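Q: structure of the sequence below:
(2 chains)
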There are 2 protein chains.
Amino acid sequence: MTLRLGLLGGGQLGRMLALSARNLGFEVIVLEPNPEAPARAAARQLQKAYDDNDALRELAACDFVTFEFENIPEAAAKALNQPGQFAPPVSALLVSQDRWVEKNTFQKLGIPTPAFLKVDSLEDAQDAFKRLGPLVLKTRKFGYDGKGQAVVRSAQNLSEAYMQLNDAPAIAEKLVPFEREISVITCRGRDGQTVVYPVTENIHKKGVLHKSLAPAPGLSPVLVAEAQDMAQRLVDHFNYVGVLALELFQVDGTLKANEFAPRVHNSGHWTMEGAVTSQFENHVRAVCDLPLGCADLRAPSVMLNLIGEIPPRTQLLSITDAHLHDYAKPARPGRKVGHLTCLGATLKEASERAALAETAIKGENSVSTE
Amino acid sequence: MTLRLGLLGGGQLGRMLALSARNLGFEVIVLEPNPEAPARAAARQLQKAYDDNDALRELAACDFVTFEFENIPEAAAKALNQPGQFAPPVSALLVSQDRWVEKNTFQKLGIPTPAFLKVDSLEDAQDAFKRLGPLVLKTRKFGYDGKGQAVVRSAQNLSEAYMQLNDAPAIAEKLVPFEREISVITCRGRDGQTVVYPVTENIHKKGVLHKSLAPAPGLSPVLVAEAQDMAQRLVDHFNYVGVLALELFQVDGTLKANEFAPRVHNSGHWTMEGAVTSQFENHVRAVCDLPLGCADLRAPSVMLNLIGEIPPRTQLLSITDAHLHDYAKPARPGRKVGHLTCLGATLKEASERAALAETAIKGENSVSTE
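A: As a prediction, the model looks like this:
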């Protein structure tokens, strides 16, 4: 009687998807080997490997099935990919899993990217440096949060950088002097209805998202429309269902695509309070064939990732209109353990509130990591 | 390492408390005999009676303990009532469990009520009718949602109404021709910090809350301040910790207290989206000794209870800024199975959205109960 949503992956994204699905009345079943899976908070956990046949069968018996990460084992994708049940589509998954294919898809869809070349050998890398100049080497697969990447600014560093890739198939991407990174999150329903969230500015530290500002301050209406249109072209191309996040560089007043994620995204966490409907609820609605919710801004928002451990709650919760999401993960340096979203009447006010939180975070980090 | 919140009672209030506590990073353990407990969605359930000694011991081992309903068995209150851990205070619980004591407490605190008299016999009831005229007989204990109540408009109905009480200790309350019912929800922290939500107008059908409007339209600032002051006096009196809801009648431009609930309250469900911090999160923050969140209005809100069964989701979720909370309870006529909160730029807009939802609800109810 109660509809069941199956979820591959039980990290914090799975947790927030599960919490949203619960509000809509769904039972949630999550396949996740980690016994301390954050998604356990609101889901029944199948504590098995992602490619465990019995667990996959149980997951496939749910009314709808989705996932929180894109590196899904082939066995899982095969077992779960039932039309009308599994979303986002495997086609989008496969493209997002390979930077070479991904970049070519962007180009095919008329979505500009930094210049890029395929790198399968040191010779390819040397050739790429000659043609592109300073560049970033990126493995084609399994990169996240800046991992599997190396910036090469001079020819003499090239072979060392290439060695770090361990001969993994890679691409070389021209190093673009971007002003900032932005992202646009869109959600498409099974009927093709699409909503798009305000564009977000993302500030990274050590390759990991540190802060998101929504809406991206000072972004011209032309560029907002361009970013949203690129996302629209992507989801239409894949006949996509669910949330998709597109990361872009702003370079000299133009936008260049970096990558997309076929899932809910860290840069959309602010939508939980800052938008009329959160990315998590809209993803669940889309996957479960429900009408999408309005993606308009509720209030300007600044989201801070909490890395390593949760700073003193008392300090964070003393801030007006600050909303804590603690993923209940064991503390560990560099680990995303929660986030805090500060809202304000203006982005300036939201930023001031976030600045208060950063004081607490800094205090904490100096204790934990030094 | 992770803090644990124990919860007595696993209905929808427990569910929404548990979901809020999860966002703040708490583990949640709920004591609830019902195997289909809505709170299971986000809590580990001890499926035992409320007065089961082993289960109570396990609950008492949590860092903080609270409850979702006021008719707590004495054994449970005794087992759980540790200072600094259990909240709201047992003193408030005991007063709220007995209408006679409750009304006398209101009077002692200078909070006006309709005239009332103690009724322990048919003779008392007859005497009360002579002195008060038309009245409501209410059992002193265990009444909720209009149960254990009988309106007596003429003397000849008196004995029949009294018989319905089965000789339970009762009070007679003068029938006041109130214009409307309103409620005020407040939350007090362990340090005495108090926040108060905008006053809500509540519309009942067959004794059950049907709709809440926040802020209560057209309520004069003087009456708003009066209502909020009454709530403040109550929580200060009890040295209260947690959310308290005070129900009031508006009569001839004055306010008269009906009853209070020492817990989160149906008339505060709109705060999940309509206020900066929800009543559920603030209750958890108070019980768990965290700073309280701002209780200001985020946007005018209309909350509709979903009774009997969830109307077609597609219809409800097509409404802009409508937020569904499905408690995942089996459908049954008269049962609260969910609620929907509609927000708007104005209360008029929120009401128009709620009116769209009521169409869906009516359609559904006519199928299910006729």
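
Q: contacts and neighbour counts: CA atoms only from here.
A: Fine.

Q: any idea how far residue A:157 is from chain B?
A: Separation of residue A:157 from chain B (CA to the nearest CA, to the nearest Å): 44 Å.

Q: next: residue A:241.
A: 17 Å.

Q: so what's that residue up against?
A: Contact partners of residue A:241, counting by CA atoms under 8 Å, 6 or more residues apart in numbering or on different chains, are A:87, A:88, A:89, A:187, A:188, A:189, A:190, A:192, A:235, A:286, A:287.

Q: run a quick neighbour tally on the nearest residue to residue A:138 once chain neighbours are set aside.
A: Leaving aside its sequence neighbours, residue A:138 sits nearest to residue A:149 (CA to CA, 6 or more residues apart in numbering or on different chains; 4.5 Å). For residue A:149, the neighbour count with other CA atoms under 10 Å in any protein chain shown is 22.

Q: mind listing the strands for the stretch 151-300 of chain A?
A: Listed in chain order, the strands of the stretch 151-300 of chain A (DSSP state E, counting those that start in this stretch) span residues A:170-174, A:180-188, A:194-196, A:200-205, A:208-214, A:242-251, A:254-261.

Q: now for the ones you listed, which one comes closest to residue B:322?
A: strand A:194-196 (15.7 Å; CA to CA).

Q: which strands or helices does that closest one pack on?
A: strand A:180-188 (3 or more CA pairs under 8 Å, 6 or more residues apart in numbering or on different chains; DSSP states H and E).

Q: which residues are contacting the strand it packs on?
A: Everything outside strand A:180-188 that qualifies as a contact, by CA under 8 Å, 6+ apart, is A:194-203, A:216, A:227-228, A:231-232, A:235, A:240-251, A:265, A:267-268, A:279, A:282-283, A:286, A:292.

Q: run me through the strand neighbours of it, direction for each.
A: Strand pairing for strand A:180-188, determined by DSSP bridges: strand A:194-196 (antiparallel), strand A:200-205 (antiparallel), strand A:242-251 (antiparallel).

Q: picking that back up, among the contacts of residue A:241, who's most crowded?
A: Comparing the contacts of residue A:241 by number of neighbours (other CA under 10 Å), residue A:187 comes first, having 31 neighbours.

Q: could you pull out the helices for chain A?
A: Secondary structure of chain A (DSSP state H): helices located at A:12-23, A:53-60, A:74-80, A:90-96, A:99-108, A:122-132, A:158-164, A:221-237, A:271-274, A:279-287, A:313-317, A:347-369.

Q: and the stretch 1-150 of chain A, which of its residues are near chain B?
A: Remark: the part of the stretch 1-150 of chain A in contact with chain B comprises A:2, A:19, A:22, A:23, A:24, A:25, A:26, A:27, A:41, A:42, A:43, using CA under 8 Å from any CA of the partner chain.

Q: let's see 10 Å
A: Residues of the stretch 1-150 of chain A lying near chain B by CA under 10 Å from any CA of the partner chain: A:1-3, A:15-16, A:18-28, A:38-44.

Q: any idea how far chain B is from residue A:231?
A: Relative to chain B, and taking CA to the nearest CA, residue A:231 is found at 23 Å.

Q: returning to that earlier point: now the strands of the stretch 151-300 of chain A as CSV including mean pLDDT?
A: Formatted as CSV, those follow (pLDDT from 0 to 100):
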stretch, mean pLDDT
strand A:170-174, 96
strand A:180-188, 98
strand A:194-196, 98
strand A:200-205, 96
strand A:208-214, 96
strand A:242-251, 98
strand A:254-261, 97
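
Q: identify the residues contacting the residue nearest to the spatial centre of chain A.
A: Geometric centre of chain A, nearest residue: residue A:265, 2.8 Å, by CA atoms, centre = their mean. Applying CA atoms under 10 Å, 6 or more residues apart in numbering or on different chains to residue A:265 gives the contacts A:13, A:68, A:69, A:183, A:184, A:185, A:243, A:244, A:245, A:246, A:279, A:280.

Q: verify the stated contact: the last one with residue A:264.
A: Yes. Here residue A:280 reaches residue A:264: they are 6.6 Å apart, a contact under CA atoms under 10 Å.

Q: returning to what we had before: give me the buried subset of the residues of the stretch 1-150 of chain A next to chain B.
A: Buried members of the residues of the stretch 1-150 of chain A next to chain B, counted by 16 or more other CA atoms under 10 Å in any protein chain shown: A:15-16, A:18-28, A:38-44.

Q: ranking the strands paired with strand A:180-188 by burial, who's on top?
A: Sort the strands paired with strand A:180-188 by mean neighbour count, taking mean count of other CA atoms under 10 Å in any protein chain shown, and strand A:242-251 sits at the top with a mean of 24.

Q: what's the angle from it to strand A:254-261?
A: Calculated by axes from the mean of the first three to the mean of the last three CA atoms, to 10 degrees, strand A:242-251 forms an angle of 150 degrees with strand A:254-261.

Q: how distant is strand A:242-251 from the center of its chain?
A: Relative to the centre of its chain, strand A:242-251 is centred 9 Å away, using CA atoms, centre = their mean, to the nearest Å.

Q: for stretch A:153-169, same thing?
A: 27 Å.

Q: check stretch A:292-310 too.
A: Stretch A:292-310 has its C-alpha centroid displaced from the chain centroid by 13 Å (CA atoms, centre = their mean).

Q: now the end-to-end length of it.
A: Its first and final residues considered, stretch A:292-310 spans 33 Å by CA to CA, to the nearest Å.

Q: between residue A:280 and residue A:264, which contacts overlap?
A: Counting by CA under 10 Å, 6+ apart, the residues touching both residue A:280 and residue A:264 are A:13, A:14, A:16, A:17, A:187, A:242, A:243.
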